[in-house]
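Student: Quick one, what's the 3D model for this:
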Amino acid sequence: MFSFKNDYSEGAHINILQKLIDTNLIQQHGYGEDDYSIQAKDLLCQKLNKPDASIFFLSAGTQSNLIVIASLLRIHEAVISAKTGHIYANETGAIEATGHRIITIETDNGKLNPAQIEKVLVEYTLRPHVVKPRMVYISNSTEIGTIYSKSELEELSTYCKANSLLLYLDGARLGHALMACNNDLKISDIANFTDVFYIGGTKNGALFGEAVVFNNPILAEDFDFILKQKGALLAKGRTLGIQFYELFHNDLYFELASHANQLAQKIANAFEDCGYSFLTRSPTNQIFPILPHKFISQLRINYDFYNWKSIDDNHDSVRIITSWATPLNVVDEFIFDIKQLDSNL
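Tutor: Purely as a prediction, here's the structure:
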C-alpha cells in the first residue's frame, strides 16, 4: 500500500539528517541564538533580497498561522480568507479561539481578488457593531493546488495597502507554487508583495518547521515575546536553523518541490489521457481528478488517498499528492494501474 494522502508521510531529506548528525555534539546557544539559525536567517534574507526582514523559525503551519494572526490583530479585528483557506477549513477553530473572526469568501479556485474583498469591506461598515476587517489571508499554493500569478499578487498587494489591510501569505507549499510550470513569481516577489508570509519546510523535505518572514520589521516588534509566551520558542532552535540552511544554501528546497510537481503532473496527464476531468487543474503537487466510485474502490486496493468532494451520486473528486520523496517507479506503477482499471471499466 502506497500513500498519496499527503506530502509529509516521509521523514526528512538525507542532507538534513546528515547535518543534524554531523553537528549533534557541537554546543550552541539555545532559543534560536545558535550559529546555524543565524546563518539560515542571513541566507534567507539574501534569497529574498530583504536584508532587513525579520525571520522566526516555528515548528508547524497551524502554529505559525495562529501566532502571526493573533499577534497582528487587535481584539476587534478580523481576517478575510477563502472558504477553502486552511485557517478556516482545517485548523480546529484556532484563530477563532483567539477571539478573531474569520470572514470567508466563496471562490471556485481557492484564490482571492480585490473585487471579492471590496464586497466584504462594504458589508462590514456598521461601526462599532461589526468586526473590523484588518487582514487578508491567502495561500500559495492554495488548498486546491492553484497558484497566484505575479500580476494577481501585485494587484492584491496594492489593494490591501490602499485599504489599510495586512496581507499574510501561508506558504506551507510555497516551494510547489514557485516551481509550478506556469509560475512567474520569484520568492523575492513574495517578500515584496506581502506584509508577512511563511516558507513551509514540513511539506517539502524538512523533518518539521516553517520560516515566518516579516517583510516589514515594525510588525515583528515583540514577536519573540509572543513566541515564548505561546510555547513556540524552541530551546533547541538549532534543529530548525540547520534544516532551513540545508534546504536553501544549494537550492535543495526548489529541487524537491520540482520533483513533487513533475510526478503529480505525470499522474494528472495519465488521468486526462483516460478522459477524466478535474475539480481544478492544479500545476502543483496536488491533483484532484473526478472519478467513478467503482474506479476509486479499485485504486484503493493498492493506494491510499483522500476523497475530497462528492460530485454526484456516482462520482467523487479525490486528492492525490506527491512529495519530495515519492519514487518514480511507484508513480509509473500507479499510472499503469490507472490505465488498466480504466480499460476494464
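Student: Using the three-state scheme, assign the closest residue to S37 other than its chain neighbours.
Tutor: Distances taken as C-beta to C-beta, 6 or more residues apart in numbering put G241 closest to S37, at 2.9 Å, once the chain neighbours are dropped. The C-beta positions use only the backbone N, C-alpha and C, and glycine is treated the same way. Secondary structure, DSSP: H, G, I helix; E, B strand; the rest coil: G241 is helix.
Student: Can you tell me how far G241 is from G99?
Tutor: To G99, G241 is 32 Å away according to C-beta to C-beta, to the nearest Å.
Student: more neighbours, the two?
Tutor: Set G241 next to G99 and count neighbours by other C-beta atoms under 10 Å: G241 wins out with 26 against 14.
Student: Just the pLDDT for that one.
Tutor: What the model reports for G241 is a pLDDT of 98.
Student: please renumber so the chain begins at 562
Tutor: Noted, 562 is the first residue going forward, which turns the last one into G802.
Student: so what's it up against?
Tutor: Listed by C-beta atoms under 8 Å, 6 or more residues apart in numbering, the contact set of G802 reads 593, 595, 597-602, 618.
Student: Same question for L795.
Tutor: Per C-beta under 8 Å, 6+ apart, neighbours of L795: 592-593, 618, 620, 801.
Student: do the same with S620
Tutor: Counted by C-beta under 8 Å, 6+ apart, S620 has contacts 769-771, 793, 795, 801.
Student: again, 6 Å this time
Tutor: 769-770 (C-beta atoms under 6 Å, 6 or more residues apart in numbering).
Student: same deal with I803?
Tutor: Applying C-beta under 6 Å, 6+ apart, the residues near I803 are 580-581, 597.
Student: change it to 7 Å
Tutor: Neighbour list for I803: 580-581, 584, 597 [criterion: C-beta atoms under 7 Å, 6 or more residues apart in numbering].
Student: For PyMOL, what selects the buried ones among those?
Tutor: Isolation of the buried members of the contacts of I803 (16 or more other C-beta atoms under 10 Å) is achieved in PyMOL through the command below:
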select buried, resi 580+581+597
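Student: now the contacts of I803 in TSV, with pLDDT and distance to I666?
Tutor: Converted to TSV, the contacts of I803 look like this (pLDDT from 0 to 100; distance: C-beta to C-beta, whole Å):
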residue	pLDDT	distance to I666
K580	98	42
L581	98	41
T584	98	45
Y597	98	40
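Student: hmm, which two among the contacts of I803 are most spread apart?
Tutor: The largest separation in these, counting by C-beta to C-beta, is between L581 and Y597 at 9.8 Å.
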